[in-house]
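Chemist: Sequence plus the predicted model coming up.
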Amino acid sequence: MRFVLIFIFVALPCLDTYGITKVYNIIDRKLKIHTYEPLTVDQKKKIEKKIDQILDVLNEYDSSTFISRFNNLEKNSEVSAPDIFVDAYKVLNDFNKITKGKFNPTAHTLLDKSQKVKKLDYYLKSEVHSRCTIMTNIKIKINNVFSKKQKCTKLSFDSIIKGIIIDNLRNYLISQNLDKFAITFDKIITKYNYPLKDSEFIELPKYIFDQINFNLISSYSVYTLDKNFYTFNLNMKDNELAIRDDLIIIVATNSNSNNDILANTLNLMDIDKVLENDNLNQNFPLFISFENDNIINFKYSKKFEDFLK
């Protein structure tokens, strides 16, 4: 099992309590499930199994997983991929096209070599980048069979794996007829008829909470610069790092997977022009905060207006 299960009980000094909170340590992050009623032994086992099934495929930090085996696949060798890998890869490929190559999950090839700014700058302009970090190096044949043109090409699902886990757990808990629960995982929150003081579970400046009524949002993901770099911090089209520490992006659709990857990859776009895209402005609840000349700027889509104070 690739996570540690901890049981804690939290009672808040207010009318609405969080009841029982279960904490799972996953990929150096805490996933918390909040319920009022205890889960059954069978439900807890099913939750653990669902988490394990996803990690067994998409967690590149474990050498025994499918993604690790794929990343070490020899040139022109073939491997049959599980459905969860295929579905997640197709989303990554779509966002590679949507961002016109700025987001590229094969950037993991470079991150696997270094987390240091100077070295990443070097690798972005190196032969390793031009030869290994190419999406067309990855081929899909019939029956979910994958191959690579270059052994050095390595994938990461760091832009979407947390959203996939939350969506699976949310759908499972709903199928179990739980009428009230919440799940928090790093910078992603989903709530189902469950009161949650978001500021206690996600770290954001006070001016963000002054702008947004989070009680009206059932699911959302936040992008802020992390202490580590991920595939969505490397602009692979323009060969530069995307590491603005003033940038905050919030995406609040009903899909946690979409929220996760969209919040992360918007970091690579021209922030001033993001909402000039009619599709993003009209169809996605987006909120963006950034500094310009020491002034905090807010931009939001039409779909986000209902969440503002």
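Modeler: Looks like it arrived, so ask away. As the structure is a computational prediction, the values presented were derived from the model and not from experiment. Residues are numbered from 1 along each chain as shown.
Chemist: When you work out contacts or count neighbours from here on, use the C-alpha atoms and nothing else.
Modeler: Will do.
Chemist: Could you pull out the strands in the stretch 51-200 of the chain for me?
Modeler: For the stretch 51-200 of the chain, the strands defined by DSSP state E, counting those that start in this stretch cover 78-80, 138-140, 145-148, 181-185, 188-192.
Chemist: can you count the residues close to Asp270?
Modeler: When counting by other CA atoms under 10 Å, one arrives at 9 neighbours for Asp270.
Chemist: Provide the backbone phi and psi angles at it.
Modeler: phi -70, psi 100 (degrees, to the nearest 10).
Chemist: For the residue nearest to Leu169 when sequence neighbours are not counted, grab the count of nearby residues.
Modeler: Excluding the flanking residues, the one nearest Leu169 by CA to CA, 6 or more residues apart in numbering is Ile47, at 6.8 Å. If you count neighbours by other CA under 10 Å, Ile47 ends up with 16.
Chemist: Helices of the stretch 201-309 of the chain, start to end?
Modeler: 206-211, 256-266, 278-283 (DSSP state H, counting those that start in this stretch).
Chemist: got the contact list for the last one?
Modeler: The one in question is helix 278-283. Val274, Leu275, Leu286, Tyr300, Ser301, Lys302, Lys303 (CA atoms under 8 Å, 6 or more residues apart in numbering).
Chemist: Just give the nearest non-adjacent residue to the last one, would you?
Modeler: Distances taken as CA to CA, 6+ apart place Pro285 nearest to Lys303, at 4.5 Å, with adjacent residues excluded.
Chemist: same deal with the third one?
Modeler: Leaving aside its sequence neighbours, Leu286 sits nearest to Val251 (CA to CA, 6+ apart; 4.8 Å).
Chemist: The one you found and Ile189, how far apart?
Modeler: Applying CA to CA, to the nearest Å, the value for Val251 to Ile189 is 11 Å.
Chemist: and the two? which has more neighbours close in?
Modeler: Val251 (29 against 25).
Chemist: pLDDT value on that one, please?
Modeler: In this model, Val251 is scored at 98, pLDDT.
Chemist: go on, the one 4 residues further on?
Modeler: In this model, Ser255 is scored at 97, pLDDT.
Chemist: Pull the contacting residues for it.
Modeler: The neighbourhood of Ser255, defined by CA under 8 Å, 6+ apart, consists of Gly163, Asp167, Ser219.
Chemist: Over to Lys149?
Modeler: Lys75, Asn76, Asn137, Ile138, Lys139 are the contacts of Lys149 under CA under 8 Å, 6+ apart.
Chemist: likewise Asp62?
Modeler: By CA under 8 Å, 6+ apart, the contact set of Asp62 is Ser68.
Chemist: Low-confidence ranges, the chain, go.
Modeler: When residues are selected by pLDDT under 70, those of the chain lie in 1-18.
Chemist: for it, longest helix please?
Modeler: helix 41-58 (DSSP state H).
Chemist: outside of that one, which residues touch it?
Modeler: Outside helix 41-58, the residues that touch it by CA under 8 Å, 6+ apart are 1-2, 64-67, 82, 84-85, 156-157, 161, 165, 168-169, 172.
Chemist: now, which of those sits nearest Lys22?
Modeler: Checking the contacts of helix 41-58 against Lys22 with CA to CA, the nearest one is Leu169 at 12.9 Å.
Chemist: returning to that earlier point: export the strands of the stretch 51-200 of the chain to CSV and tack on distance to Asn93?
Modeler: Shown next, in CSV, are the strands of the stretch 51-200 of the chain (distance: least, CA to CA, whole Å):
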stretch, distance to Asn93
strand 78-80, 18
strand 138-140, 10
strand 145-148, 14
strand 181-185, 24
strand 188-192, 22
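Chemist: Select, out of those, the one closest to Leu39.
Modeler: Ranking the strands of the stretch 51-200 of the chain by proximity to Leu39 (CA to CA) places strand 181-185 first, at 10.9 Å.
Chemist: and that closest one, which strands flank it?
Modeler: Looking at strand 181-185 with DSSP bridges, its partner strands are strand 29-35 (antiparallel), strand 188-192 (antiparallel).
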